[in-house]
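K.L.:
Build me a model:
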Amino acid sequence: MTTMVATPTAPATRVRYAALIAKLLLFGLLLTALIWPDLSGIKGKASTARLIVYPIGAMALPLWWWAYGRTRSKLHQTFPWPADLLLTLPWLIDLIGNRLNLFDTVDWWDDAMHFVLWGFLTAGALLAFAPRNLSRAVTAFVALGFGTTAAVIWEVGEYIAFVRNSPELQSAYTDTLGDLALGTLGALLAGLLLPHLKP
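P.N.:
Numbers count the residues shown, from 1 in each chain. Predicted coordinates:
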């Protein structure tokens, strides 16, 4: 009996390469931040925490897949590259934005990033871990729960890591509420759109 091996399609191959390139860029930026901290854009912005958390965030899905998912996952027969790309982009884009000083020089950049990057993060988590047979309503609620929780954890981490001892403390309450709202909305949008994008 002949076993049929699925050949990756061109779009799937492009997504795989995009995910790998995103990881290489991320680790390259982290390495340069370690070597030249003054040029990183994250100096004074919890750079040590970012150097620890960002690689963990980008590698969480591959590590889970290697340790557990590849043999026991009922969600995927092959590694979920689209989810991996979506889970890597938030960390990469945040580092690029800091390197280019966009968070401090473009008024709307921080707000846009909380909305867009939380959408990416939530979509990636849903693609990687949520059962495929969830209804649209349940998918939206799961996205809302995941995205809101992740946003709260992020804001608490920011406060502990650097906001409480920085000049930003004076405006932190307003900024945090806005960030939480935008992150939640981005996550909700991902949950509403994802069922329409699933193959």
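K.L.:
what sits against residue 51?
P.N.:
By C-beta atoms under 8 Å, 6 or more residues apart in numbering, the contact set of residue 51 is 30, 33-34. From N, CA and C alone the C-beta is placed, and that goes for glycine too.
K.L.:
Can I get those residues in CSV including neighbour count, pLDDT and distance to residue 115?
P.N.:
Shown next, in CSV, are those (neighbours: other C-beta atoms under 10 Å; pLDDT from 0 to 100; distance: C-beta to C-beta, whole Å):
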residue, neighbour count, pLDDT, distance to residue 115
30, 22, 95, 24
33, 22, 92, 25
34, 12, 91, 29
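K.L.:
Give me the number of neighbouring residues for residue 165.
P.N.:
Using other C-beta atoms under 10 Å, residue 165 has 11 other residues around it.
K.L.:
Now the phi/psi pair for it, please.
P.N.:
Backbone torsions of residue 165, given as degrees, to the nearest 10, read phi -110, psi 20.
K.L.:
that older thread, quick one: which of the contacts of residue 51 sit in strands?
P.N.:
Nothing among the contacts of residue 51 maps onto strands, per DSSP state E.
K.L.:
Which of the residues you listed sits closest to residue 89?
P.N.:
Nearest to residue 89 out of the contacts of residue 51 is residue 30 (C-beta to C-beta; 14.8 Å).
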